[in-house]
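> need a 3D model of the following:
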Amino acid sequence: MATHTSKNNSRIALITGGTKGIGFAVARQLAEKGIEVLIGSRDEIKGETAAEQLASENLPVTYILIDVTNHSTIDLAVTEVANAYGRLDILINNSSLCLKEPRPSELTLDMIRQHFEVNFFGTFAVTKAFLPLLRQSSAGRIVNVSSDLGSFYFHETSRESKLQCGYSTSKVALNMFTHQLAKDLKGTRIKVNACIPGSLTTTELTAHHSHSIEIATKSIIFLATLSDDGPTGKFFGQDCEEDKCFLKLSSLEPIRVLVTQFSRKSSFSSITNVGSIHQQVDYIKKQYEALDILINNTIIAFQIV
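Prediction:
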């Protein structure tokens with residue numbers, strides 16, 4: 001991280017995935033408000049280039065190395081921020097992965113895991129690591145950049161909703177993490193929210209103060225600069241209105257269900273064991289030829305201490 005020029009009363013913001021697109025636009029706008037911005041990226045060349053571009057405009061922006069999927073870089077970034085500032089005021093989890101996906105029925109475990117590694121586990125790891133520094137802030141703000149594809153309401157009502165199971169489910173998990181963390185931090189000076197950003201074309205980005213950029217970044221800037229009486233644990237749309245996250249279940253015609261007790265000698269042992277799953281599929285094929293109803297009821301839950 002380059003030498004910082006922060007004053008004691010300057011707010012400090014870290015943006016992951018801040019070298020381009022929405023992240024870069026947010027970095028510029030926060031810096032224009034006098035907030036010292038750390039552009040986080042795993043690519044040192046892109047990170048340095050982005051930070052230097054904004055710094056050349058006399059904006060308080062520096063680059064910090066951080067890969068949300070690499071715990072050693074996260075720990076190093078925490079140490080650097082702690083040594084330089086002693087706190088973090090704003091954390092914007094903007095890093096995201098969106099791969100081209102086949103239909104859900106053809107999706108592989110590897111593709112789902114890739115999405116979750118960045119979009120959920122990466123955000124979780126970065127947030128948890130920086131929480132001690134956020135607690136040192138007089139007004140900590142955590143903004144998780146989500147997606148309309150992580151909204152049940154969007155999938156139910158929009159014609160543009162796409163079949164992106166891996167990406168969408170990772171964002172749904174991110175939204176629930178946002179809500180749960182906000183409940184956990186209730187009564188502290190930290191506010192945690194998620195939001196849907198807009199989209200930007202390369203042309204729109206080059207026009208630094210265009211109306212398109214203001215619309216695309218509106219929800220992120222709004223949540224990053226919330227007043228002390230602002231909301232927490234919410235999911236906001238591009239217009240900064242709370243998203244209606246609900247799912248309407250389709251009505252089902254009455255059906256006749258035959259419940260069959262599998263033998264205790266069945267080879268099925270664990271849903272985390274791929275070999276065991278395939279054995280159970282073969283067993284059902286031989287015994288029944290078809291499966292009419294699948295109820296995924298297995299869960300794991302730990303006691304909160």
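> from here on, contacts and neighbour counts on C-alpha atoms
Fine.
> CA atoms only: put the helix or strand hosting Gln53 into PDB for me.
Using DSSP states H and E, Gln53 maps to helix 44-55. Coordinates of each C-alpha in helix 44-55 appear next as PDB, following Å, rounded to 0.1, in the frame of the first residue of the first chain:
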ATOM      1  CA  GLU A  44      -1.300  -5.300  -8.500                       C
ATOM      2  CA  ILE A  45      -0.800  -3.700 -11.900                       C
ATOM      3  CA  LYS A  46      -4.500  -3.000 -12.300                       C
ATOM      4  CA  GLY A  47      -4.800  -1.800  -8.700                       C
ATOM      5  CA  GLU A  48      -1.900   0.500  -8.900                       C
ATOM      6  CA  THR A  49      -3.000   1.900 -12.300                       C
ATOM      7  CA  ALA A  50      -6.600   2.600 -11.000                       C
ATOM      8  CA  ALA A  51      -5.300   4.300  -7.800                       C
ATOM      9  CA  GLU A  52      -2.700   6.400  -9.700                       C
ATOM     10  CA  GLN A  53      -5.400   7.600 -12.100                       C
ATOM     11  CA  LEU A  54      -7.600   8.900  -9.300                       C
ATOM     12  CA  ALA A  55      -4.600  10.200  -7.300                       C
END
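> next, the buried residues of it.
Gly47, Glu48, Ala50, Ala51, Glu52, Leu54 (16 or more other CA atoms under 10 Å).
> from Lys128, how far off is the last one?
By that I understand Leu54. Per CA to CA, to the nearest Å, Leu54 is found 28 Å from Lys128.
> which stretches of the protein form strands?
12-16, 36-41, 61-65, 90-93, 141-145, 191-195, 235-236 (DSSP state E).
> possible to save those strands as CSV with distance to Ala290, mean neighbour count and mean pLDDT?
Listed next are the strands of the chain as CSV, based on distance: least, CA to CA, whole Å; neighbours: other CA atoms under 10 Å; pLDDT from 0 to 100:
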stretch, distance to Ala290, mean neighbour count, mean pLDDT
strand 12-16, 47, 25, 98
strand 36-41, 49, 27, 98
strand 61-65, 52, 26, 98
strand 90-93, 44, 26, 98
strand 141-145, 42, 27, 97
strand 191-195, 42, 28, 95
strand 235-236, 41, 28, 88
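> can I get those in CSV with distance to Leu223?
Below are these laid out as CSV (distance: least, CA to CA, whole Å):
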stretch, distance to Leu223
strand 12-16, 12
strand 36-41, 16
strand 61-65, 20
strand 90-93, 9
strand 141-145, 6
strand 191-195, 7
strand 235-236, 9
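> surely Leu91 touches Ala139?
No - contact criterion CA atoms under 8 Å: Leu91 and Ala139 do not qualify, at 11.4 Å.
> output stretch 278-295 as CSV, restricted to C-alpha atoms.
Output of stretch 278-295 as CSV, limited to C-alpha atoms (Å, rounded to 0.1, in the frame of the first residue of the first chain):
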residue,chain,number,x,y,z
HIS,A,278,-24.7,-42.3,-6.9
GLN,A,279,-25.2,-45.6,-5.1
GLN,A,280,-28.6,-44.4,-3.8
VAL,A,281,-29.6,-43.3,-7.3
ASP,A,282,-28.8,-46.8,-8.6
TYR,A,283,-30.7,-48.3,-5.7
ILE,A,284,-33.9,-46.3,-6.6
LYS,A,285,-33.6,-47.1,-10.3
LYS,A,286,-33.5,-50.8,-9.6
GLN,A,287,-36.3,-50.8,-7.0
TYR,A,288,-38.7,-48.3,-8.4
GLU,A,289,-37.4,-47.2,-11.8
ALA,A,290,-38.5,-43.6,-11.1
LEU,A,291,-38.6,-41.0,-8.4
ASP,A,292,-41.7,-38.8,-8.1
ILE,A,293,-40.9,-36.5,-5.2
LEU,A,294,-37.5,-35.4,-3.8
ILE,A,295,-37.5,-33.6,-0.5
